[in-house]
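Trainee: pasted the sequence and its predicted model underneath.
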Amino acid sequence: MKIVIPGGTGQVGTVLQRALSAAGHDVVVLSRRPAGRGEVHWDGATPGPWTKEIDGSDVVVNLAGRSVNCRYTPANLREMMDSRVHSARVVGEAIAAAARPPRVWLQMSTATVYAHRFDAPHDEATGVIGGAEPDVPGYWAYSVEIAKAWERAQESADTPHTRKVALRTAMVMSPDRGGVFDVLLRLARLGLGGPVAGGAQYVSWIHDQDFVRAIEFLVARDDIDGPVNLAAPEPLPQRAFMRTLRAAWGVPVGLPATRWMAEVGAFVLRSDTELLLKSRRVVPGRLLEAGFTFDRPAWPEAADDLVRRLRGGRVG
Ligand SMILES: NC(=O)c1ccc[n+]([C@@H]2O[C@H](COP(=O)([O-])OP(=O)(O)OC[C@H]3O[C@@H](n4cnc5c(N)ncnc54)[C@H](OP(=O)(O)O)[C@@H]3O)[C@@H](O)[C@H]2O)c1
């Protein structure tokens, strides 16, 4: 198949591009700064010669969006919103204008669209969309607004010949340098992998190989459209998540951090505490219902595998 991945130069795109190319597909990545073979220029906002890549392709997986790992300043929040909405909109326009539109458009979304919650997991049917929780910082609602606007940009695209799926994805764990797993493991190795603010908040995650398999599954299954949760079936509280990660690497202790220590840490790392403190308890209702099986459903085995691959030499 010919598969086009706008925004495919980042962490998730690297995982996907590598796996899909190895499987023999013709993969084209759209980037604002194309560097290597298979990368084509676009600006993420307006049509251009890049639309030729979409016309006649089989699959589009749009991953473009400014990284959320930053301080949530007004300017950064605006860029997080615009980069997602504008890129999804222009991908939709390119598909709508194509003489031979792709069969399926998988649009990245996020597990953050769901409410901060401890008591029950969110699946697609019964999950509660966030933004109205009474006991969280007001600005957290903006991340939900971004996610909703991102999904609306896909939903509202007039692409009748192309199936549309929104990927409500949890943290994708891969051994690549600079990815989420790498960052969390580094903190754990520094002795900082303890509970944050009590550690009861849930962490939703997905192993990189299951992420790729889920994408392949969704490409193949013509009967699935709309929002789909891409998360392992066993999210767990942050305290247990980090304890397991420490055990996988062999780090004996992890210092606990209070909420204000997390604030200081996030400030130093130019990041935001929402990424650490929001409880994301998200489960893959539709994938399981459709018969998808996870190779790494549980965090201990997934963490062991990631550590083994990382110790065996970086893949990326
Ligand atoms: N990593 C995760 O675990 C995870 C989980 C859930 C959802 N997501 C979402 O999945 C997408 C990919 O994640 P990632 O971790 O691979 O992110 P990433 O490493 O930050 O890569 C995102 C890509 O988007 C492009 N981009 C950045 N700013 C842009 C802008 N203003 N306009 C157009 N394109 C822009 C960049 O490509 P160029 O610089 O080459 O143009 C970049 O390579 C993101 O939207 C992220 O929010 C990620």
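Mentor: That came in fine, so what should we check first?

Trainee: please pull out the lowest mean pLDDT helix or strand from this protein.
Mentor: Every helix and strand in the chain was compared by mean pLDDT, DSSP states H and E; the lowest is helix 259-268, with a mean of 87.

Trainee: what's downstream of it, the next helix or strand?
Mentor: On the C-terminal side of helix 259-268, the nearest following helix or strand under DSSP states H and E is helix 274-277.

Trainee: OK, contacts around the residue most central in space within the chain?
Mentor: Nearest to the mean C-alpha position of the chain, counting by CA atoms, centre = their mean, stands T169 at 4.4 Å. By CB atoms under 8 Å, 6 or more residues apart in numbering, T169 lies in contact with V12, M108, S109, T110, A111, I206, F211, L230, A231. Every C-beta, even on glycine, is put in place using the N, C-alpha and C of the backbone.

Trainee: enumerate the residues of the stretch 101-250 of the chain near the ligand.
Mentor: M108, T110, T169, M171, V172, V180 (CB under 6 Å from any ligand atom).

Trainee: so how far is R186 from V264?
Mentor: 18 Å (CB to CB, to the nearest Å).

Trainee: show me where pLDDT drops low in this structure?
Mentor: Counting by pLDDT under 70, the ranges of the chain that qualify are 314-316.

Trainee: mind listing the strands for it?
Mentor: Here the chain has its strands, by DSSP state E, at 2-6, 26-31, 39-41, 59-62, 104-108, 163-169, 171-173, 202-203, 205-207, 226-230, 236-237.

Trainee: residues contacting the residue of the chain most remote from its centre?
Mentor: Distance from the C-alpha centroid of the chain, by CA atoms, centre = their mean, peaks at A99 (30.3 Å). Shown in contact with A99 (CB under 8 Å, 6+ apart): D55, G56.

Trainee: could the contacts of T169 be laid out in CSV, adding neighbour count and distance to A45?
Mentor: Below are these laid out as CSV (neighbours: other CB atoms under 10 Å; distance: CB to CB, whole Å):
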residue, neighbour count, distance to A45
V12, 24, 20
M108, 24, 16
S109, 25, 19
T110, 24, 20
A111, 25, 26
I206, 29, 29
F211, 24, 27
L230, 27, 26
A231, 31, 30
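
Trainee: ok, these vs D123, which is closest?
Mentor: The nearest member of the contacts of T169 to D123, counting by CB to CB, is A231 at 9.7 Å.

Trainee: is it true that the closest one touches G285?
Mentor: No. A231 is not in contact with G285 according to CB atoms under 8 Å; the separation is 9.8 Å.

Trainee: coming back round to it: so the residue nearest to the centre of the chain bridges to which residues?
Mentor: When assigned by DSSP bridges, T169 has beta-bridge partners L230.

Trainee: do the same with H122
Mentor: Using DSSP bridges, the bridge partners assigned to H122 are V282.

Trainee: how about V196?
Mentor: The partner residues for V196, given DSSP bridges, come to A257.

Trainee: ditto for L106
Mentor: Under the criterion used here (DSSP bridges), L106 is bridged to V61, V165.

Trainee: quick check, it in contact with F217.
Mentor: No. Checked against CB under 8 Å, the pair L106 and F217 is beyond contact range at 10.9 Å.

Trainee: more crowded one of those two?
Mentor: L106 (26 against 17; other CB atoms under 10 Å).

Trainee: how many residues are close by R280?
Mentor: With neighbours defined by other CB under 10 Å, the count for R280 comes to 26.

Trainee: and it, how far from the ligand?
Mentor: R280 sits 10 Å away from the ligand, taking CB to the nearest ligand atom, to the nearest Å as the criterion.

Trainee: count of neighbours near G24?
Mentor: So G24, with other CB under 10 Å, has 8 neighbours.

Trainee: ok so, going back, can you redo the strands of the chain as JSON lines with distance to T244?
Mentor: Putting the strands of the chain into JSON lines (distance: least, CB to CB, whole Å) gives the following:
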{"stretch": "strand 2-6", "distance to T244": "31"}
{"stretch": "strand 26-31", "distance to T244": "33"}
{"stretch": "strand 39-41", "distance to T244": "36"}
{"stretch": "strand 59-62", "distance to T244": "30"}
{"stretch": "strand 104-108", "distance to T244": "27"}
{"stretch": "strand 163-169", "distance to T244": "21"}
{"stretch": "strand 171-173", "distance to T244": "12"}
{"stretch": "strand 202-203", "distance to T244": "10"}
{"stretch": "strand 205-207", "distance to T244": "11"}
{"stretch": "strand 226-230", "distance to T244": "20"}
{"stretch": "strand 236-237", "distance to T244": "8"}
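
Trainee: for the residue of the chain found nearest the ligand, phi and psi?
Mentor: Nearest to the ligand, among the residues of the chain, is G10, at 2.0 Å (CB to the nearest ligand atom). Main-chain torsions, G10, degrees, to the nearest 10: phi -90, psi -160.

Trainee: what's the closest residue to it other than its chain neighbours sitting at in phi/psi?
Mentor: With CB to CB, 6 or more residues apart in numbering as the measure, L63 is the residue that lies nearest to G10, at 6.6 Å, once sequence neighbours are left out. In this entry, L63 is assigned phi and psi values of phi -110, psi 0 (degrees, to the nearest 10).
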